[in-house]
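Peer 1: Got a predicted model here, sequence first, then my questions.
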Amino acid sequence: MTEAATPRLEVAGLSRRFGARAVVADLSLAIAAGQVTCLLGPSGCGKSTTLRIIAGVDRPDAGTIRIDGRVVCDDRVAVPPERRSVGLMFQDFALFPHLTVAGNVGFGLAGMDRQTAAARVGELLERVNLPGFAAKYPHELSGGEQQRVALARALAPRPRVMLMDEPFSGLDNRLRDGIRDSTLDLLKETGTAVLLVTHEPDEAMRMADEIALMRDGRIVQQGAPYNIYNAPADRAAAAFFSDINVIRGISRGALTETPFGVFLTPGHADGAAVEIVIRPQHLKIELDRNGRGPSPDTRNGAAARGIVTRARFLGRESLVEFRLEADGTRLTAAVPGVFLPRAGAALWLMIRRDRCFVFPARP
Ligand SMILES: Nc1ncnc2c1ncn2[C@@H]1O[C@H](COP(=O)(O)OP(=O)(O)O)[C@@H](O)[C@H]1O
Ligand SMILES: [Mg+2]
């Protein structure tokens, strides 16, 4: 294998049980230098446990962890956390309260001569935009400033891998986007491989080169944000990123009839129940022209008439809820800007065939 092909971090077959429960189950992933992978999943799915095992503060029941090709953990080897070259940033990034900002940032540089360490601390404080903060104490800083000190502290020893567990969750909303972006810039600049844990899809979409979607201890789908969003592996993966609409039907001869016309449903057995999933922003609204809707076409299928049950303006978009005349199915459409039809109005809805996902119906 060439050096370029060796991932910075490689995890293979990682498993961890607590009692009878498999909290991490056969999890594998690889992250290249300079790449940000987000481990994304609902609370309790095993994200932090995975991170703690990679950091070396917990041990797996099975699996191998390599950093730059070197085994740091398998059934015989367990390199201690401080010798793995990993930087850690956890949810409560607790700075040492009795140390100054410079003391905190320089904490991991004990082996370095004082002058070099001081220069490195200065360089990092400059980089996280906190020049002149060296002598301050943590309690004198805002939440955002503390977060930047914690980032500088984690990066000071130039770790090969950065492990971050919900590092932005303590910050208030208005600060968060700016801090996410500047953190991402800095991580990219240092070329570290980053594994960032989050339960927020927006954060993962914003930060990740690759998302590893996790559920019940397993990675259910892995890929670029664009691919995960636009080609979800199953209904739950689709629903994790936005509200969804579900239209049910029965596949016959690889076709499923619905109030919106026929959908191609190849790969589903004759008589199999299927769910056609569509995000609210992909439900197209057409005006009712004296009771006649738009003509069917191959791109959008047929139009179905819906009665507006509620419409709300959310700022960037309006959400319009419908009851389908044909069978009472409830659907929600998201429309950019202001669109607030009154309840009871009749409108036509269409579904772009290349914007919907077909899954086997959940039992
Ligand atoms: N040391 C432990 N002993 C027993 N159960 C644990 C331990 N650590 C975590 N768990 C359980 O494992 C599950 C996954 O936890 P965690 O990895 O923290 O999830 P996440 O970070 O995705 O929210 C939870 O149900 C949690 O209660
Ligand atoms: Mg967690």
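Peer 2: Looks like it arrived, so ask away. Ligands and ions are numbered 1, 2, ... in the order given.
Peer 1: A119: how many residues sit nearby?
Peer 2: 12 (other C-beta atoms under 10 Å). For glycine as for every other residue, the C-beta is placed from the backbone atoms N, C-alpha and C.
Peer 1: Three-state assignment for it, please.
Peer 2: Classification of A119 by DSSP: H, G, I helix; E, B strand; the rest coil places it in helix.
Peer 1: likewise A152?
Peer 2: Reducing the assignment at A152 to three states with three-state DSSP gives helix.
Peer 1: Just give me the neighbour total for it.
Peer 2: By other C-beta under 10 Å, the residues close to A152 number 25.
Peer 1: From V277, how far off is it?
Peer 2: Distance from A152 to V277, counting by C-beta to C-beta, to the nearest Å: 43 Å.
Peer 1: now P266
Peer 2: Counting by C-beta to C-beta, the gap from P266 to V277 is 16 Å.
Peer 1: Residue numbers of this structure in contact with ligand 1?
Peer 2: 18, 23, 41, 43-49 (C-beta under 6 Å from any ligand atom).
Peer 1: can you rerun that using 8 Å?
Peer 2: If contacts are counted using C-beta under 8 Å from any ligand atom, the residues of the chain sitting beside ligand 1 are 18-19, 21, 23-24, 41-52, 58, 165-166, 197, 199, 214, 217.
Peer 1: Reduced to three states, what does A237 come out as?
Peer 2: Classification of A237 by three-state DSSP places it in helix.
Peer 1: mind listing which of the residues of the chain next to ligand 1 are in helices?
Peer 2: When the residues of the chain next to ligand 1 are checked against helices using DSSP state H, the ones located there are 47-52.
Peer 1: So which residues of the stretch 51-200 of the chain form helices?
Peer 2: Assignment of helices within the stretch 51-200 of the chain using DSSP state H, counting those that start in this stretch yields the ranges 101-105, 114-127, 143-155, 173-190.
Peer 1: Can you read off the pLDDT for E3?
Peer 2: Reported pLDDT at E3 in the predicted model: 53.
Peer 1: Over to R174?
Peer 2: Each residue has a pLDDT score; the one for R174 is 81.
Peer 1: what residues are up against the residue lying closest to G191 once chain neighbours are set aside?
Peer 2: Nearest residue to G191 in three dimensions, chain neighbours excluded: G34, at 4.6 Å (C-beta to C-beta, 6 or more residues apart in numbering). Taking C-beta atoms under 8 Å, 6 or more residues apart in numbering as the definition of contact, the neighbours of G34 are 188, 191-193.
Peer 1: Return the closest of those with respect to N104.
Peer 2: Proximity of the contacts of G34 to N104, judged by C-beta to C-beta, is greatest for T192, which lies at 19.1 Å.
Peer 1: Next up, the contacts around the residue nearest to that closest one when sequence neighbours are not counted.
Peer 2: Distance criterion C-beta to C-beta, 6+ apart; nearest residue to T192, sequence neighbours excluded, is M162 at 4.7 Å. With contact set as C-beta under 8 Å, 6+ apart, M162 has these partners: 86-89, 154-155, 187, 192-196.
Peer 1: contacting residues around the nearest residue to R355 once chain neighbours are set aside?
Peer 2: Nearest in space to R355, with sequence neighbours left out and distances taken as C-beta to C-beta, 6+ apart, is H282 at 3.9 Å. Under the criterion of C-beta under 8 Å, 6+ apart, the contact partners of H282 comprise 351-352, 355-356.
Peer 1: P266 and V277 - which one has more neighbours?
Peer 2: Ranked by neighbour count (other C-beta under 10 Å), P266 and V277 place V277 first, with 20 against 9.
Peer 1: and that one, which of the three is it?
Peer 2: Using three-state DSSP, the three-state assignment for V277 comes out as strand.
Peer 1: Just the pLDDT for it.
Peer 2: The confidence metric pLDDT takes the value 98 at V277.
Peer 1: Please look at it and R248 and confirm they touch.
Peer 2: No: the pair V277 and R248 does not pass the contact test of C-beta atoms under 8 Å, sitting 10.4 Å apart.
Peer 1: What strand or helix carries the nearest residue to L283 once chain neighbours are set aside?
Peer 2: Distances taken as C-beta to C-beta, 6+ apart put A333 closest to L283, at 4.0 Å, once the chain neighbours are dropped. A333 belongs to strand 330-336 when assigned by DSSP states H and E.
Peer 1: got the CA coordinates for that strand in PDB?
Peer 2: The C-alpha atoms that make up strand 330-336 are tabulated as PDB, following Å, rounded to 0.1, in the frame of the first residue of the first chain:
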ATOM      1  CA  ARG A 330     -52.100  14.100   4.900                       C
ATOM      2  CA  LEU A 331     -49.200  15.800   3.100                       C
ATOM      3  CA  THR A 332     -47.000  18.800   3.800                       C
ATOM      4  CA  ALA A 333     -45.500  21.000   1.200                       C
ATOM      5  CA  ALA A 334     -42.700  23.600   1.800                       C
ATOM      6  CA  VAL A 335     -42.700  26.600  -0.400                       C
ATOM      7  CA  PRO A 336     -39.900  29.200  -0.500                       C
END
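Peer 1: what residues does it touch?
Peer 2: Contacts made with strand 330-336 from outside it, assessed by C-beta under 8 Å, 6+ apart, are listed as 243, 245, 247, 279-281, 283-285, 306, 309, 316-324, 349.
Peer 1: Same question for stretch 86-103.
Peer 2: 54-56, 67, 81, 104, 107, 118, 121, 125, 130, 133-139, 141, 146-147, 149-151, 153-155, 157, 159-167, 169-170, 192.
Peer 1: The same query, at a cut-off of 6 Å, please.
Peer 2: 55, 104, 121, 133-138, 146, 149-150, 154-155, 159, 161-167, 169 (C-beta atoms under 6 Å, 6 or more residues apart in numbering).
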